[in-house]
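Engineer: Need the 3D shape of this:
(one chain, ligands or ions: 3)
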Amino acid sequence: MTVKLQMLGTGSAFAKRYANNNGIISTSNTKLFIDCGITAPLALHQLGLTFDQLDGVIITHLHGDHVGGLEEYGFQMMFRYKRKPKLYIATTLVEPLWENTLKGGMSQPGLECLEDVFDVHPLEPDTNYAIDDELSIRLIQTPHIPDKSSYSLLVNETFFYSADMRFQPQLLEQLVQQGVTSIWHDCQLVGAGEVHATITELLSLPPSIQSRVSLMHYGDERSEWEGRTGLMPFIEPHHVYTIDS
Ligand SMILES: Nc1ccn([C@@H]2O[C@@H]3COP(=O)(O)O[C@H]3[C@H]2O)c(=O)n1
Ligand SMILES: [Zn+2]
Ligand SMILES: [Zn+2]
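Structural biologist: Ligands and ions are numbered 1, 2, ... in the order given. Just a heads-up that it's a prediction; the model follows:
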């Protein structure tokens, strides 16, 4: 059983050297986007892939660097490939994704709700969902923007993908105690960490946690930080990682 994860990009929302922090998670049967942000359609093309080569998408929250590519994804699947992609998303985000993000661009006669475009699979947090025989996903609600729902992903009980979240050392400790062996964490390299964990905060983690952490969702200043991130390597865009070995 091998689950692979390849990042289309590893950049922060404002990064220009790195595409949005979106991934492709795959098993022998299934290939899904993890988020589909503004730069995802171009990043996918640059990897030599097309939308019909994926089965669907898992969404973590409604910022543009995570959902800004969904209009093109939905339209390409509808008009070019004639198939509804799967959309795995927290129940709380189903209505706002349509009403606040997609409706303005996508609504027309026959396209009146999210289900008209996607095969929607609403997910409850703290519940494991078997995507296929090799892949289970659990959403964990984590703090990002006050009063806006945002979710991290726990994959096969062993891999934690923060998506966008503020520093939560107790949660990270608890996850490791429960058997998580690998943590991919968003990382703000410059400035105060009002909505993301900062590199300073992450460097305060004990070695037992740091040794499991890799850094993603970083800014264009990454090169200035090479060798200065403790035990935590940067995730490389486009590299194919095996995440549950
Ligand atoms: N309260 C907020 C809201 C947003 N932001 C910035 O906007 C970005 C949106 O995408 P993100 O990846 O969540 O990162 C957010 C912050 O850079 C921010 O800095 N403070
Ligand atoms: Zn983001
Ligand atoms: Zn965000």
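Engineer: In this structure, which helix is the longest?
Structural biologist: In the chain, taking DSSP state H as the definition, the longest helix is helix 169-177.
Engineer: Quick check: mean pLDDT of it?
Structural biologist: Rounded to a whole number, the mean pLDDT of helix 169-177 is 98.
Engineer: Mind listing what's buried along it?
Structural biologist: Residues of helix 169-177 classed as buried by neighbour count (16 or more other Cβ atoms under 10 Å): 171, 172, 175, 176. Yep, even glycine has a C-beta here, placed from its N, CA and C like the rest.
Engineer: With stretch 198-210 instead?
Structural biologist: Residues 198, 199, 201, 202, 205, 209, 210 are the ones in stretch 198-210 that count as buried (16+ other Cβ under 10 Å).
Engineer: backbone phi and psi for the nearest residue to the first one once chain neighbours are set aside, please?
Structural biologist: Nearest non-adjacent residue to residue 198, counting by Cβ to Cβ, 6 or more residues apart in numbering: residue 188, 4.8 Å away. Main-chain torsions, residue 188, degrees, to the nearest 10: phi -90, psi 120.
Engineer: what number of residues lie near residue 188?
Structural biologist: For residue 188, the count of nearby residues is 23 (other Cβ atoms under 10 Å).
Engineer: Test for you: state the pLDDT assigned to it.
Structural biologist: pLDDT at residue 188 comes out at 98.
Engineer: Can you list the residue ranges for helices in this protein?
Structural biologist: Using DSSP H, the helices found in the chain span residues 40-46, 64-67, 70-75, 91-96, 103-106, 169-177, 199-203, 207-210.
Engineer: Run through the residues of the protein sitting next to ligand 2.
Structural biologist: Residues of the chain lying near ligand 2 by Cβ under 5 Å from the ion: 13, 65, 164.
Engineer: So what's the residue count around the last one?
Structural biologist: Look at residue 164: counted by other Cβ under 10 Å, it has 26 neighbours.
Engineer: circling back: for the longest helix of the chain, what is the distance to the chain centroid?
Structural biologist: Centroid separation for helix 169-177 versus its chain: 20 Å, with Cα atoms, centre = their mean, to the nearest Å.
Engineer: got it, and stretch 237-245?
Structural biologist: Taking Cα atoms, centre = their mean, the mean C-alpha location of stretch 237-245 is offset from the chain mean by 14 Å.
Engineer: for stretch 175-194, same thing?
Structural biologist: Relative to its chain's centre, stretch 175-194 lies at 13 Å (Cα atoms, centre = their mean).
Engineer: Pull out the buried residues from it.
Structural biologist: 175, 176, 180, 182, 183, 184, 185, 186, 187, 188, 189, 193.
Engineer: same check, this time on stretch 101-114
Structural biologist: By neighbour count on 16+ other Cβ under 10 Å, the buried set for stretch 101-114 is 101, 102, 106, 111, 113, 114.
Engineer: distance of the fifth one from ligand 1?
Structural biologist: From residue 113 across to ligand 1, the span is 26 Å (Cβ to the nearest ligand atom, to the nearest Å).
Engineer: try the fourth one
Structural biologist: Residue 111 sits 27 Å away from ligand 1, taking Cβ to the nearest ligand atom as the criterion.
Engineer: pretty sure that residue is touching residue 117, no?
Structural biologist: Yes: at 6.3 Å, residue 111 counts as touching residue 117 under the criterion of Cβ atoms under 8 Å.
Engineer: So is stretch 191-203 next to ligand 1?
Structural biologist: Yes: part of stretch 191-203 sits near ligand 1 under the criterion Cβ under 6 Å from any ligand atom, namely 194, 195.
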